[in-house]
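Colleague: build me a structure from this.
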Amino acid sequence: MIGTYINYYFHCKRHLWLFAHNINMEHTSESVFIGKLISETTYQRQIHEIHLEDEDNEIAIDFFDKKKKILHEVKKSNKMEELHIWQVKYYLYVIEAMGIEVKEAEIDYPKLKRKLNVKLNEKDRTEIKKVIGDIENIIKLNQIPSVIKKPYCKKCSYYDFCYC
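Modeller: Just a heads-up that it's a prediction; the model follows:
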């Protein structure tokens, strides 16, 4: 399971299925490019994209404050804040399972000059286990999930794929 799947699960099941089946349109998205640029240039003293993996999980966190034991995820906008929160909670869940001590996570919105603290609780752990099961079932589907027709679809990197 990779962290991106959690994000896409809350965003769009079709997006999740396509990405999991190696139909990747992210490289064509200006929005994705801008988000990566913001992440790479905002916190220049930090190590970016720390990859952690075990036999079941693979995550890439933006940076980690070793002194405060806070995981950081940098996002361009808070428009999809709920899915950002769940992605970060998943990161905390995985890191906890790896035995790494982390107190909390922080979602940084540098363009908005805003930060959001995120902690993991028992209810979240239960929900994450359910979500992982749902994701595994979606990926196993023989047919692509239906288009969801949401306002944010117009800015999605898969827009042309879904609507043309």
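Colleague: could you use CA atoms for every contact and neighbour count after this?
Modeller: Fine.
Colleague: what helices and strands are in contact with the biggest helix by length in the chain?
Modeller: Using DSSP state H to define each element, the chain has its longest helix at helix 122-140. Counting by 3 or more Cα pairs under 8 Å, 6 or more residues apart in numbering; DSSP states H and E, the packing neighbours recorded for helix 122-140 are helix 3-11, helix 13-20, helix 81-97.
Colleague: point out the most buried one among these.
Modeller: helix 13-20 (a mean of 22; mean count of other Cα atoms under 10 Å).
Colleague: same question for that one, mean pLDDT?
Modeller: Mean per-residue pLDDT for helix 13-20: 93.
Colleague: also stretch 94-104?
Modeller: Here stretch 94-104 scores 91 as its mean pLDDT.
Colleague: what about it, distance to the chain center?
Modeller: Its chain's average C-alpha position is 17 Å from that of stretch 94-104, according to Cα atoms, centre = their mean, to the nearest Å.
Colleague: against Arg14, how distant is Lys130?
Modeller: If you measure Lys130 against Arg14 using Cα to Cα, to the nearest Å, the figure is 18 Å.
Colleague: where does the protein dip in pLDDT?
Modeller: 25-49 (pLDDT under 70).
Colleague: what do you get if the cut-off is 80, keeping everything else the same?
Modeller: Across the chain, the ranges flagged by pLDDT under 80 are 1, 25-49, 51, 54-55.
Colleague: and Trp51, that's in a strand?
Modeller: Wrong residue type there; residue 51 is His, not Trp. Yes. Counting by DSSP: H, G, I helix; E, B strand; the rest coil, one finds His51 located in a strand.
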